[in-house]
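>>> What follows is a protein structure lacking sequence information:
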C-alpha cells in the first residue's frame, strides 16, 4: 500500500488472514504504528494466537490446563489493540481486481466480502496427510490445533491407549513421543528417512535415536508407512509399512511434516515457489503489491545457501508479521533470511542446531557455489569436570575452509546445549569466523562452563586446522592403504577395541617411540574423542611427520560406522 | 625472543613463573609449538594447575575430594608435555642483564640460577589483607590455595564453627557465603561499598542482596571492617566496623579482592601500570622484550572504555598464556582486550554480566570520550509462561544512543541467565547493535525460551527508543513538575501502590480517555514492568502526545528508590 492510498482513504484497512503467530504479530504491530488503521483478523478456527508449540505438552499433561494455551482472545485483541478478530470466519477467496476478500462465517453460514487496502496472508501450514489406504480410520490423528490435541487426549482416555505409533521422527513426532511415554503409552516411531531429526546430520541424529531406545521407544527407520488396517479386535489399528512390517496400536499420530496452506494464494494467482510456499520479497510482499504473506506458508531464504526453503518456526513467523506491518505502514524493515536455529527436548536430551548441516551444504552449496567446508567434532563437558554433574555435549561445527566463516553447528546433550547453539547462532548472524569463537569471552563459573567454554574449544580445534597446526581427517574419508593409522590411547583402551589396522602408541610414550613410525607417508591419529590425538599430531608434525588428527576419535568412529559411512 | 636468538641457541629455553591457569596454559601451548624448546615451570606452591574456581565448593563439600581440584600434576606435565614443573621452587629475582632468574627451592633451601631465552611471569594475584588491628588472629582466613581451603575446612570442623563473617561481597565472598550456609553456618557479610557484586550497577545488585537475605544471610553494606578482636570466651573473634558495629563469629573470611603479585616484576624494573598490574602489550610482552606476563597480575584493556583494568578471570589467563607462547615462538596472535564477562551463582540465583556497567560508563566513558548511552530494563520469563516453571530474568541492556552499539548487559534470575549474557557477549565481540539483537534467531522450544527470546525483547525495546517509536524515561531522571506521570496499570494495581502524583488510566481504557490528558507537556507512562506502558506510549504518540515510557516500570522504580536514586 502506498502512502498515497492511505492518505486518500484516511483510515487504511488492513485485513489479516489467520490469527496465530505471524498474523497476530502483524496485527499488533500494525496497531502500534497506526491508531487510525482499521485492522481485522479472520481466523477460521475457534482461537486466535494460541500456543501452538505447547500442544504436545498439553497432550502429555505437562501443561494441564487448556486455557494456558490461549495467548490472547478476540476480546483481548479488541480491548487492548482495537483490533477485530473474527474467529470461525474463513477467507475463501481473494478478489485482487476489487481488493476484496470473500469470507464465510462458519457459524452462521453467511458469506460476505470485505475490502482491503492491504491484505496479509498468515494461513500457516497443514500437517501432511498422505492418501494412504485406511488413513481415515478412527484413531489416526494429526496435531496442529487445540481441538486436535483435545481429541487425542480424549481418545487416549476413552480407549485406554497402551500402544501408539508415531509416523515421522521430526520435532513434533519426537515431542509427541516423549509426551505419550510420559502418559505410560508404549510408542513406536516409523520414519521414512534413515534417521530422526532431519535438521541434523545422520551421525548426530544417532545419539537421539539411542536415547529414544534407552527410553523404551521402538524405532523403525528407513521404512515408510504403506497404510492402516483395522485390527481384528475391532478397536486397534495396524500400521503397515513398505517393508511389510505390521505395527498394531491403539492410536497413530501423523507427524510427517507440514505443507504450506496456499490454496487461497494460488487461487488468487499469487506467485508460488518451487517448494510450494508463497513467494515473497524481503518486505514479505507477494507478487501482488497490496498483498503480504508471513509465517509457515511462505518460502524463506536460507542465509547460508541462499536458497529458498520452508521452515515452520514460531519466532520467524512473529518476525515476519512485524516486518509486513512495517512495510504496509511505510517502514523499510527487511527480513534478513533464516539460519534455521532450532531446539528440541527429547526425554533428558536436548538437541539443537543452527545454520547449515553437512547434508544441506552438499546439496545446496553456499550462495549458489559448491561449498568448501570443513568440520570438527568434539565432546566437551557442559561444565568443568571437577564440579559434580558435568554432562558431555556432542558438538559438530561446520565452517568454511576458506577463511573460517561459521556455516553451521549441531549439539546434542543433556545440559547447556542450546546455550552453545545460541552463541554460535549470534556468531553466524554477524558473519563470525572460528577465530572469533576461539576468542569469545563467555560466562565461566564451575556450574556453567569452563575456562575454555565448549564454544571456545570448537573454535580452537577449527582454527588449528585452518592454521595448518593440526590438519584434520575424517572417518569415511580416510585415504587408501599407505596411510598409517595411529591409536594414541592407552594400551588398555586399545585392547578393548580399536580401528582395524591401527597401531598403538600411547600419547605419553610417543616422543620415545617416534622411530617406530614411517618417515614418509601420512599418519592419521585418533584417540577417544580427539584431544590426545591432537597433542600427538602436534608432536609428530613438529618432528617432521605428515600427521593429521581424526576428528572426534573413536566416538565419531562409532557414530559414523553405524550410519554406514565406511 | 627473536627467531634469530632461537636459531643460535638451538633449543630455546622458556622459563615460566607460576604454574596455575596462565602459566600452565602458556607452557602447554609452547610445547605444542616447539618440541625442542626447554620449558620449565617454577611454582612456589605445592601444586601446578589446580582448580582455583572450585575452592569455595570444596569448602562447601560440593566437591568432596581434594584430588578433584588437581587439574594436572608435575608428573603429568613431564609425561604428556615434556615440561618440567618444579613445585616448591620460588623465583626470587630476575637478572635482566644476564637473562637469568634466581630460584629458591623451599624444600631444600637451595638457591640457584637458571638462564632463559624467554621468561613468562604468571604470578597471579594475592588476596588483599589490609593491616587492620587483629588481622593475624587465628580464625581469619583468605581463600586462594588448596591449603587455604583445607585450613578453613579443618577450622570449621575443629572449632565447630556456627557463625562466620565474610568480609567482602564480591564473587568469592558470595560463593563462600553460599558454601558456608550449605554447611549450616550462619553468615554475616560486611562490605565497604553500598552494594554487593561491584561489577553490577547498584539497582541490579539489590536483587542479589534480597536473595541473600532470603537465604538467611545478614548483610552489612556500606561499612568497612575496622579491626578484629578476640572474644571474651577466648575462642571467638569479634569483627568491628567503622560504624561501630561488632559482629562476633567463630571464623572470618577475607574476600575483599586481590592485588597483582608484582614484587618480582617491580624489583626487576619492569613497567607497572597505574592500577598496580604488570603492563604488557597486545602480545603480552612486558617492557622487557624477553619477558612476558599473563593472568591476574597484568593490566588488561577494556574493549569498551579503552582503559586499563585489572580482571582476575581464569578464561582470560588461559587465553593470555596461549598468546604469550605464540609470541615467544614467533606467531602474531594478539590479545583483543576484555569484556569482563562473568557469572556467579548465589544460592538459587544466577548473576551474569558482560561489557560495561552504567557506573563504569559514567566513570570511564567510551574509548576516552564521554559515553552517550541509553539503557533499558526488562523482566521477561526465561521461557514461555504457559510451560510450567517459567522464572523471571531481570535484565539491563546498555547501548550507545548513537547507532545502538551494545555496550553492556546485566542479568539476574534463576534460569537461563548466563545464556542470554553469553549471546550478548558474542554480540559485543562482533560490534553488534541492538538492531541485531532484535533479529537474532535463537533456540525456541517451550522449555528454553519464547518465540521472542529475552535477547530479542531487549533488542526490540532498545530499537524502539532509537527509532523514536517509544522514547524512554528513567526514574531518578524524570523532568520537573510539568510532566504528567501516567500509570497504565489496572485500578487494583494502582490502588495497591503507585508513584506519588501519578494519574491512573488503565491501558485498555486509554483510547476512550485521551481527553483527560493534557495536550501539551510531556507524558511519562509506566506500568508494572514496561510492556503495557509501551503500548500506551504508542497510543499516545500516534495521537499527538509527547509520551515516553519509563523503563522497567514499578519493578525498576522500587529498585532505584531503594538504592537512593530519588
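Now that the structure is in, tell me what you want to look at. This one's a predicted model, so the numbers in the text were calculated from it and none came from an experiment.

>>> how near is residue A:95 to residue A:328?
From residue A:95 over to residue A:328 the distance is 19 Å, taken as CB to CB, to the nearest Å. (Each C-beta comes from the backbone N, C-alpha and C, glycine too.)

>>> which one of the two has more residues nearby?
Ranked by neighbour count (other CB atoms under 10 Å in any protein chain shown), residue A:95 and residue A:328 place residue A:328 first, with 27 against 13.

>>> Relative to residue A:40, how far out is that one?
Remark: distance between residue A:328 and residue A:40 (CB to CB) = 13 Å.

>>> now swap in residue A:153 and tell me
Taking CB to CB as the measure, residue A:153 falls 33 Å from residue A:40.

>>> Toward the C-terminus, what is the element adjacent to the worst-scoring helix or strand of chain A on mean pLDDT?
Least confident element among the helices and strands of chain A, by mean pLDDT, DSSP states H and E: helix A:3-9 (a mean of 40). Counting by DSSP states H and E, the next helix or strand C-terminal to helix A:3-9 is strand A:13-17.

>>> ok and the helix or strand following that following strand relative to strand A:13-17, angle-wise?
Following strand A:13-17 in sequence order, the next helix or strand is helix A:22-33 (DSSP H and E). Orientation of helix A:22-33 against strand A:13-17 (axes from the mean of the first three to the mean of the last three CA atoms, to 10 degrees) gives an angle of 160 degrees.

>>> What parts of the stretch 1-150 of chain A come near chain B?
Contact residues (CB under 8 Å from any CB of the partner chain) of the stretch 1-150 of chain A with chain B: A:21, A:31-36, A:51, A:53-54, A:57, A:62-63, A:68-69, A:71, A:79-82.

>>> For ChimeraX, what selects the buried ones among those?
To isolate the buried ones among the residues of the stretch 1-150 of chain A next to chain B in ChimeraX, judged by 16 or more other CB atoms under 10 Å in any protein chain shown, type:
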select /A:21,31,32,33,34,35,51,53,54,57,62,63,68,69,71,80,81
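
>>> now for chain A, which residue lies nearest the mean position of the chain?
What sits nearest the mean C-alpha location of chain A, by CA atoms, centre = their mean, is residue A:342, with 4.3 Å.

>>> Checking the residue lying closest to residue A:133 once chain neighbours are set aside next. Helix, strand or coil?
Closest residue in space to residue A:133, ignoring its immediate chain neighbours: residue A:227 at 3.6 Å, by CB to CB, 6 or more residues apart in numbering or on different chains. Secondary structure for residue A:227, judged by DSSP: H, G, I helix; E, B strand; the rest coil, is strand.

>>> surely residue A:227 meets residue A:242?
No: counting by CB atoms under 8 Å, residue A:227 stays clear of residue A:242, with 9.5 Å between them.

>>> Is residue A:58 in a helix, a strand, or coil?
Three-state assignment for residue A:58 (three-state DSSP): helix.

>>> Can you point out the buried residues in the lengthiest helix in chain A?
What stands out as the longest helix in chain A, according to DSSP state H, is helix A:314-328. By 16+ other CB under 10 Å, the buried positions in helix A:314-328 come out as A:314-328.

>>> what's near enough to touch the nearest residue to residue A:26 once chain neighbours are set aside?
Nearest non-adjacent residue to residue A:26, counting by CB to CB, 6+ apart: residue A:321, 3.5 Å away. Contact partners of residue A:321, counting by CB atoms under 8 Å, 6 or more residues apart in numbering or on different chains, are A:21, A:22, A:23, A:24, A:25, A:26, A:27, A:29, A:120, A:122, A:294, A:295.

>>> Then residue A:432?
For residue A:432, the contact set (CB under 8 Å, 6+ apart) comprises A:405, A:406, B:426, B:429, B:430.
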